[in-house]
Structure formats: C-alpha cells, structure tokens
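Q: Any chance you can model this:
(chains A, B, C, D, E and F)
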Protein chains: 6
Amino acid sequence: MGNRSTTPRRLHMPIVTVQQGPRDVELKRDLVARITDAFVDALNVPAESVQVWIQEVPTDSWAIGGVLTADRPKK
Amino acid sequence: MGNRSTTPRRLHMPIVTVQQGPRDVELKRDLVARITDAFVDALNVPAESVQVWIQEVPTDSWAIGGVLTADRPKK
Amino acid sequence: MGNRSTTPRRLHMPIVTVQQGPRDVELKRDLVARITDAFVDALNVPAESVQVWIQEVPTDSWAIGGVLTADRPKK
Amino acid sequence: MGNRSTTPRRLHMPIVTVQQGPRDVELKRDLVARITDAFVDALNVPAESVQVWIQEVPTDSWAIGGVLTADRPKK
Amino acid sequence: MGNRSTTPRRLHMPIVTVQQGPRDVELKRDLVARITDAFVDALNVPAESVQVWIQEVPTDSWAIGGVLTADRPKK
Amino acid sequence: MGNRSTTPRRLHMPIVTVQQGPRDVELKRDLVARITDAFVDALNVPAESVQVWIQEVPTDSWAIGGVLTADRPKK
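A: This next block holds a predicted model:
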C-alpha cells in the first residue's frame, strides 16, 4: 500500500495515548508492541518513530453510563 | 496469556487517541482496524469495546525540536 | 455535601475535554452550560473556574470495533 | 430540542476527560453522574454511551500563572 | 541544576499538547520554539526530543463559565 | 510582535498538557515557570491565564519503538 500522506515520511511520528484501567506489565508489554506494529504495517513508518503512552485510570475515576466502574456489580 | 487485571473484564473499554499529521482515509481505515486488533489480541477484549480517535494536526501546528513540521526542509 | 478535597477550594479549576463527532452550535451551547453546572453542583466551584474544550472529530477519523464511523451502515 | 448532527445518533459516544486535582470518591461519584446527565439532556444520547475519565493530577504537577499549585499560599 | 529523574536521560522525550484558540503561524512558530527551549533549559534534554502539538479549537467549541467563547461579548 | 489572533485577547487561556516520565518537584517548578514564560513572551497573554498540567507516566506505561521504557537497557 502506498503512503499517500502529504507530510514528508520521515516526519511521521505518531503519538498514541491509551486511557484504560490498570493492567499488569506483561499485558502492557505485549500491547505496546502490537500497537506499534499496527502503525508500522498500516503507515509504513519506522517503529522507533511511534510513541505509546498509557494513562492508567483507577476504577474510582472512570465511569460508563454515569456510574463509576468501581461501583459496578462485578457480576 | 491470562488476563490478570483486577478490573472486571467486561468493563475494559480502552480509549485510544492518536495524534498525527493528516492521512488519507484508506490509511486510517487500515490503521484503526490494526490498532483494534492489537487490543483484542493483547488484552482479550471484544473489538466493539475499543474506540480509536485520530486527532489530525496540520503541519503548521506540530513541532519537533522547536521547529514546525511545515518549516522543515522536505529533503 | 461538603467539599472534602485537600486542594484549596479557590484552586479548583477543572479542565474538561470532550471528544465527539461534529455537532451544531446550539447543541454545543447547551452542552457546555450543562457540563459546567455539573461541576458547580457536584464540586461547589464557581462556574468561571470551569473550562470545557470540545474536540470535534470527523467520522472518518474515529472508530468503534475497528471500523471508521464513516464506514458504518447508517441504518 | 432536535438532534441536528449529521452523525447517526446511535454512533454518538462522547468521551469526556477531566483534568483536576484529587477528589474524594463521593464527589467523583456525584460528578460523573451529573456530567453524564448533561450529555443525555443536551444531546439526547443514552447514558450508557457516555464515558467519563478523570485524570487526577497532584498539586505538584499542575500550575497556574507559572506557579505549581502546591506552592501557592493556602490563604 | 542536576537532573535527578530516575528515568535514563536519553529516554526523556516529553510530549506537549497545547489546547488554545486558532493563532497565526508566525505566533505558533515563535511559541513552539520557546516551549521547546523551556524543556531544554529546565530538564537538560536535547531539543530534538521535544514534541509540541497544538490543538486549535474554534471559539464555538470552547467555553469558560459555561458560555462558548464565540458567545462572549468582544468588549 | 502584534497579536493577530481573531480571538479576543482576554479570552486567551491556553491549556498545556505535558506527558513525560516522573520528575523531581524542583525540576517541575522550574519547567512550569519557563513554559508559562514561553506563552507570555510569544502570545502576549497574562501569566495567570496559562495552565500547565503534567501527566507523569511511569516507565512501565510508556513505550518508544514498541518497547516499554522500563525494559530499555539503561546504558
């Protein structure tokens, strides 16, 4: 697939910010590798140009449907 | 790989925000599919729980090394 | 409800960033007023201390389930 | 009020990110409920489509007027 | 001033995101240079490690005190 | 330098968010003062209108080149 962006290719330095609940380091290690591969494969940029920042938000600071995740029944 | 997070699995709804220069829609279509797969494969969450938001920033609003990308020599 | 934060009250200046699709200005006018009221009512801060920033993301830059919103069937 | 957005209504899934100092969980519980109501009332979207993420920033990492909040006189 | 962070120095790659109203390119050119200098001078990192991303938000998408900036009297 | 923005000057209230590894408070104190000066000098806005928020991300939640910073050799 060609790279049709008008930005010079060497200036592609995507910044990825992930908001999610806390995860174990093994999972994060795997996740950031796979996200970076997604950019390399889709955009044809070097892996070193991709930065991934994970913002871990505790369950008492994150809500869906107006209810804190910490307050949701665990089923 | 097990899912060792203490967050109940059904509450994993990661939000991904990408900051990058403007790209063609075909590239973005491919990119968001691959990023979503990265979460499905690494965290074992359903694809529908993953949201990807791309913030396209024009080259005159984004700098590396103190120089706007728009001002960099195109080489 | 008391305000139990340890931050001095006059220093509460919450920044709210909303990521969503484009909306008409009337809807945004109503939305930012209501969001600000939410902070005034819940946290007992002055309205003038609350800033709301809406990042409008076009449907070809935002995906759920790995599919760009622009590509989803409109039903 | 009509919903004049061109985005299909079922695809409205606003993401709200709040940057503020640390707050007690009771305050956050109330806040996220009220913010979600703001979207339901202004945009006519289902509550379950709204996500709120609170980024709690300690007073030594947040500044107004060039002075860390932690360094401001408590009055 | 020494650099007391426990992060290896060569890995300091701060990402700066600015949310503000639209500005002319000359002002942004000057601004990103000065922000980058701030990091070089305060943290002793190379300029090339600093990225600045400006998110320009139009006045009808940004509110203080519950009022869109576009609706404020221009005085 | 003139201020050519079409936004009324008193409404310039830039929000700066920094993503970086953890730093000592002395470094952050110096950094936020210098960043704020950058805005005062480049945009001619009052210092009190500038807010800086530092998101400190631990080395096991931040990656370059697909590798967590925590996993990089310290050289």
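Q: Low-confidence ranges, chain A, go.
A: For chain A, the stretches flagged by pLDDT under 70 are A:1-11, A:74-75.
Q: do you know how far whichever residue of it sits closest to chain F is from residue E:22?
A: Scanning chain A for the residue nearest chain F gives residue A:36, at 3.4 Å (criterion: Cβ to the nearest Cβ). All C-beta atoms are positioned from the backbone trio N, CA, C, and that covers glycine. Noted for residue A:36: a distance of 32 Å to residue E:22, by Cβ to Cβ, to the nearest Å.
Q: With residue A:17 instead?
A: If you measure residue A:17 against residue E:22 using Cβ to Cβ, the figure is 23 Å.
Q: neighbour-wise, which of the two wins?
A: The residue with more neighbours, out of residue A:17 and residue E:22 and counting by other Cβ atoms under 10 Å in any protein chain shown, is residue A:17; that gives 23 against 15.
Q: Okay, now the sheet partners of the helix or strand hosting that one, with direction.
A: Here residue A:17 is covered by strand A:15-20, with elements defined by DSSP states H and E. Note on strand A:15-20: by DSSP bridges, its sheet partners are strand A:51-56 (parallel), strand B:15-20 (antiparallel).
Q: Output these in CSV, with distance to residue E:29 appended to each entry.
A: Shown next, in CSV, are those (distance: least, Cβ to Cβ, whole Å):
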stretch, distance to residue E:29
strand A:51-56, 23
strand B:15-20, 19
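Q: Nearest to residue C:49, out of the ones you listed?
A: Taking Cβ to Cβ as the criterion, strand A:51-56 is the member of those that comes nearest to residue C:49, at 23.4 Å.
Q: So the helix or strand hosting residue A:37, near chain C or not?
A: Counting by DSSP H and E, the secondary-structure element that holds residue A:37 is helix A:25-43. No: against chain C, helix A:25-43 shows no contacts by Cβ under 8 Å from any Cβ of the partner chain, the least distance being 10.5 Å.
Q: That helix near chain B anywhere?
A: Yes: with Cβ under 8 Å from any Cβ as the threshold, helix A:25-43 lies in contact with chain B, specifically through A:26-27, A:30-31, A:34-35, A:37-39, A:41-43.
Q: ok, now which ones touch residue A:18?
A: Listed by Cβ atoms under 8 Å, 6 or more residues apart in numbering or on different chains, the contact set of residue A:18 reads A:31, A:35, A:52-55, B:14-17.
Q: in the sheet, who's paired with the residue most central in space within chain A?
A: Among the residues of chain A, the smallest C-alpha distance to the mean C-alpha position (Cα atoms, centre = their mean) belongs to residue A:18, namely 3.9 Å. Residue A:18 has the following beta-bridge partners by DSSP bridges: residue A:54, residue B:16.
Q: Residue A:70: how many residues sit nearby?
A: Neighbour tally, residue A:70, other Cβ under 10 Å: 17.
Q: how close does it sit to residue A:64?
A: The value you get for residue A:70 to residue A:64, if Cβ to Cβ is used, is 12 Å.
Q: Tell me how many other residues surround whatever residue of chain A ends up closest to chain E.
A: Across chain A, no residue is closer to chain E than residue A:15, which sits at 5.5 Å (Cβ to the nearest Cβ). Around residue A:15 sit 21 other residues, with neighbours defined as other Cβ under 10 Å.
Q: From what I see, residue A:22 and residue A:55 are in contact.
A: No: the pair residue A:22 and residue A:55 fails to qualify as a contact (Cβ atoms under 8 Å) at a distance of 10.5 Å.
Q: can you tell me which residues contact residue A:58?
A: In this structure, residue A:58 makes contact with A:21-22, A:70, judged by Cβ under 8 Å, 6+ apart.
Q: What distance do you get for it to chain C?
A: Taking Cβ to the nearest Cβ, to the nearest Å as the measure, residue A:58 and chain C are separated by 16 Å.
Q: for residue A:52, same thing?
A: Counting by Cβ to the nearest Cβ, the gap between residue A:52 and chain C amounts to 17 Å.
Q: for residue A:24, same thing?
A: Residue A:24 is 24 Å from chain C, where distance means Cβ to the nearest Cβ.
Q: mind pulling up the phi and psi values for that residue?
A: phi -70, psi 150 (degrees, to the nearest 10).
Q: That one: how many residues sit nearby?
A: Around residue A:24 there are 15 residues (other Cβ under 10 Å).
Q: repeat for residue A:71
A: A count of neighbours around residue A:71, defined by other Cβ under 10 Å, yields 12.
Q: quick one: contacts for residue A:16?
A: When contacts are counted by Cβ under 8 Å, 6+ apart, residue A:16 touches A:35, A:39, A:50-53, B:16-19, B:35.
Q: For residue C:60, state which of these is nearest.
A: Distances from those to residue C:60 were compared by Cβ to Cβ; the smallest belongs to residue B:18, at 13.2 Å.
Q: Please report how far residue A:14 lies from chain C.
A: Counting by Cβ to the nearest Cβ, the gap between residue A:14 and chain C amounts to 13 Å.
Q: If you drop the residues flanking it in sequence, what lies closest to that residue?
A: The shortest distance from residue A:14 to any residue other than its chain neighbours is 4.1 Å, reached at residue B:20 (Cβ to Cβ, 6 or more residues apart in numbering or on different chains).
Q: my guess is the one you found contacts residue A:15, does it?
A: Yes: taking contact to mean Cβ under 8 Å, the distance of 7.3 Å between residue B:20 and residue A:15 places them in contact.
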